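>>> This is a predicted model, with the sequence first.
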Amino acid sequence: MDTAARAPGRVKEITSAANPIVKQIRLLEKKRHREETDSFLAEGMKLIIDALDAGWRVRTLIQARSQRGNDRVEALAARCVAAGADVLLVPEKLLGTITRRDNPQMVAAVMQRRFADPRRIDPAPGDVWIALDRVRDPGNLGTIIRTADAAGAAGVILVGETTDPFATETVRATMGSIFAVPVARMRQDAFIALARNWPGQIVGTHLEGAVDYRAPDYADGPILLLMGNEQAGLPAALVEVCTTLIRIPQAGRADSLNLAVATAICLYEARRHALAVEPAGALP
């Protein structure tokens, strides 16, 4: 968390897509520019408020000029300025150009990226961590992060060359969960070293897995749930570190499931006992 004191930001009005600041923000669609600037773009009031509440840093708030006088938007802008962020007032059409949406939300923000330090992963007995090998699809990754949040997973580990968790499509798909779920990234060799010292089970999905995904005793944790690449599955080096290889039975003609769907099925099974609470108002 960035706790350093910062001077208040400034409010600026911009009307042209040719403005250098706007050009720099639009470059955030490119992974290389996100990495060089350690920044990414998030859209919408809820996402930005969730990020601020979780201690993430907003560098620039982009506000539709039509929202002047909107108490909620003005309060958010004041909060960002007080935290050191600049606020750009732009026409709604220009905000659509920046976010590449025909009907943009009324605010967007340039934010500082944050990755969890893999050296600080310290799994507790009830934890379930998700490890994703070379995930390629940004929608899949965003959905998995959102599912990890909903199911109470401890975090997500990205193994090898993966899609960027801070790509705009990924951030959208997380629906704000990117700010709640620790996301670490590791080379394959570093992940294998972590796995060899893992204090609980390492459960990997594999087409040749002999164990039904419902069979393992997930209470014997912490669990490391290892999911393979969308096309190739798990490579041999990662199969070797698994203590259990599982499969999801299929009755139809499909030979595989979407990665995000498969991860959700396995994650909820691993978390089933932890999530088995009586609904509010249920009779004893």
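Yep, it's here. Numbers count the residues shown, from 1 in each chain.
>>> In terms of secondary structure, what does the longest helix along the chain contact?
Using DSSP state H, we find that the single longest helix of the chain is helix 138-151. With contacts defined as 3 or more Cβ pairs under 8 Å, 6 or more residues apart in numbering; DSSP states H and E, helix 138-151 has these neighbours: strand 128-133, strand 155-159, helix 168-174, helix 259-270. Every C-beta, even on glycine, is put in place using the N, C-alpha and C of the backbone.
>>> How far does the shortest one sit from its chain's centre?
Going back to what we said before, that points to strand 155-159. 10 Å (Cα atoms, centre = their mean, to the nearest Å).
>>> cool, the longest one as well?
The chain centroid and the centroid of helix 259-270 are separated by 16 Å, computed with Cα atoms, centre = their mean.
>>> repeat for the first one
For strand 128-133, the gap between its own C-alpha mean and the chain's C-alpha mean amounts to 12 Å (Cα atoms, centre = their mean).
>>> pull the CA atoms of it into CSV?
Taking Å, rounded to 0.1, in the frame of the first residue of the first chain, the C-alpha atoms of strand 128-133 are listed here in CSV:
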residue,chain,number,x,y,z
VAL,A,128,-7.3,-22.2,-1.1
TRP,A,129,-5.0,-20.5,-3.6
ILE,A,130,-5.5,-20.7,-7.3
ALA,A,131,-2.5,-21.1,-9.7
LEU,A,132,-3.1,-20.4,-13.4
ASP,A,133,-0.5,-21.7,-15.9
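>>> Compute the inter-axis angle for the longest helix of the chain and strand 155-159.
Relative orientation of helix 138-151 versus strand 155-159 (axes from the mean of the first three to the mean of the last three Cα atoms, to 10 degrees): 150 degrees.
>>> what's the angle between helix 138-151 and helix 259-270?
Using the same axes, to 10 degrees: helix 138-151 against helix 259-270 is 20 degrees.
>>> residues in contact with helix 138-151?
Helix 138-151 has contacts (Cβ atoms under 8 Å, 6 or more residues apart in numbering) with 128, 130, 132, 135, 153, 155-156, 158, 162-165, 167, 169-175, 177-178, 180-181, 183, 230, 258-260, 263-264, 267-268, 271, 275.
>>> could you redo the last one with a cut-off of 6 Å?
Residues outside helix 138-151 that contact it (Cβ atoms under 6 Å, 6 or more residues apart in numbering) are 130, 135, 156, 163, 167, 169-170, 173-175, 177-178, 180-181, 259-260, 263-264, 267-268, 271.
>>> Which residues are in contact with residue 263?
144, 227.
>>> Please, where are all the strands along the stretch 101-250 of the chain?
107-112, 128-133, 155-159, 183-186, 201-205, 211-212, 223-227, 244-247 (DSSP state E, counting those that start in this stretch).
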